[in-house]
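Undergrad: Sharing a sequence plus its predicted fold:
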Amino acid sequence: QSAPTQPASVSGSPGQSITISCTGTSSDIGSYSLVSWYQHHPGKAPKLLIYEVNRRPSGASPRFSGSKSGNTASLTISGLRSEDEADYYCCSYVGSFNWVFGGGTKLTVL
Amino acid sequence: QVQLVQSGAEVKKPGSSVRVSCKTSGGNFDSFAIHWVRQAPGQGLDWMGMLVPYFDRPDYARRFQGRVTIMADKSTSTVYMDLSRLRSEDTAVYYCARVREVGKHDFDSWGQGTLVTVST
């Protein structure tokens, strides 16, 4: 199972919006609306931001939103803040009790 | 409040095995799947496998089949991940993570991570 493709890096200025894509195949993202997104600061545990494509867990910031079209899922962060600087990963269920993470995207807040 | 507490850092020789534990507290241990994810230096998150203690039937990523074993001790609410035939590429931080709800496919509670270093 190949990892979904994410851009290696994205950047934005405070207050701007950015979108991170996660491109899989018809066997994973295209088949299941079971994509989640995680924020990972170095040295800390990953944090769930979005589940089931576009749902936010309780307590999650509304500045994070998710969507999916075909084989590509996307995470949008609006109103960028310095504390958003981190690595971001998508994760998809791929069937047969297997999951796969995307390659990860490093977000730099300029 | 769910808490996952992992065992401490390990240094292992190539060819040996390592066991990482993940002790859970809060919530129903039997019903919630526990997943294992690792991150090698400079690399991304990598899903390794999972187990629902109630069913006691683990599932593994294909590339780890034959080298990884995940098991649960219900008496102590602890899940273990064994990795054998270690090689230098297995040097990584290993995380356990619990699903947000029973039967769901996302992970909202994570352990603090365990660094496993494989070196001669």
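TA: Thanks, I have the structure now. Keep in mind the model is a prediction, meaning the values are calculated, not measured. Numbering: from 1, shown residues only, chains lettered A, B, ... in the order given.

Undergrad: how near is residue A:93 to residue A:30?
TA: Distance from residue A:93 to residue A:30, counting by CB to CB, to the nearest Å: 12 Å. In this view, the C-beta of every residue, glycine as well, is placed from N, C-alpha and C.

Undergrad: who in chain B is up against chain A?
TA: Residues of chain B found near chain A (CB under 8 Å from any CB of the partner chain) are B:35, B:37, B:44-47, B:50, B:59, B:61-62, B:95, B:97, B:100, B:104-108, B:110-113.

Undergrad: buried subset of those?
TA: Neighbour-count burial within the residues of chain B next to chain A applies to B:35, B:37, B:44-47, B:50, B:59, B:61, B:95, B:97, B:100, B:104-108, B:110-113; the criterion is 16 or more other CB atoms under 10 Å in any protein chain shown.

Undergrad: For chain B, which segments count as strands?
TA: Counting by DSSP state E, chain B has strands at residues B:3-6, B:10-12, B:18-25, B:34-39, B:45-51, B:59-60, B:68-73, B:78-83, B:92-99, B:107-110, B:114-118.

Undergrad: Neighbouring strands - and their directions - for the fifth one?
TA: The pairing partners recorded for strand B:45-51 under DSSP bridges are strand B:34-39 (antiparallel), strand B:59-60 (antiparallel).

Undergrad: Can you give me the neighbour number for the nearest residue to residue B:90 once chain neighbours are set aside?
TA: Leaving out its chain neighbours, the residue that sits closest to residue B:90 by CB to CB, 6 or more residues apart in numbering or on different chains is residue B:118, at 5.1 Å. Using other CB atoms under 10 Å in any protein chain shown, residue B:118 is surrounded by 20 other residues.

Undergrad: so who does residue A:42 touch?
TA: Contact analysis of residue A:42 by CB atoms under 8 Å, 6 or more residues apart in numbering or on different chains lists residue A:87.

Undergrad: Regarding it, what is its secondary structure?
TA: Following DSSP: H, G, I helix; E, B strand; the rest coil, we place residue A:42 in the coil state.

Undergrad: And it, how far from residue A:86?
TA: Applying CB to CB, the value for residue A:42 to residue A:86 is 8 Å.

Undergrad: again with residue B:36
TA: To residue A:86, residue B:36 is 22 Å away according to CB to CB.

Undergrad: Comparing the two, which residue is more hemmed in?
TA: Shown here are residue B:36 and residue A:86; by other CB under 10 Å, residue B:36 has more neighbours (27 against 19).

Undergrad: While we're on that one, how confident is the model there?
TA: In this prediction, residue B:36 carries a pLDDT score of 98.

Undergrad: Give me the residue at the spatial middle of chain B.
TA: In chain B, the residue lying closest to the centroid (CA atoms, centre = their mean) is residue B:36, at 3.4 Å.

Undergrad: Which residues are in contact with it?
TA: Each residue near residue B:36 by CB under 8 Å, 6+ apart is listed here: B:20, B:22, B:47-50, B:68, B:70, B:81, B:94-97.

Undergrad: ok, back up a step: could you export the strands of chain B to CSV, including columns for distance to residue A:11?
TA: Putting those into CSV (distance: least, CB to CB, whole Å) gives the following:
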stretch, distance to residue A:11
strand B:3-6, 33
strand B:10-12, 36
strand B:18-25, 35
strand B:34-39, 22
strand B:45-51, 21
strand B:59-60, 37
strand B:68-73, 37
strand B:78-83, 36
strand B:92-99, 26
strand B:107-110, 26
strand B:114-118, 29
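
Undergrad: Residue A:61 is nearest to which of these?
TA: Closest to residue A:61 of these, according to CB to CB: strand B:107-110, at 14.6 Å.
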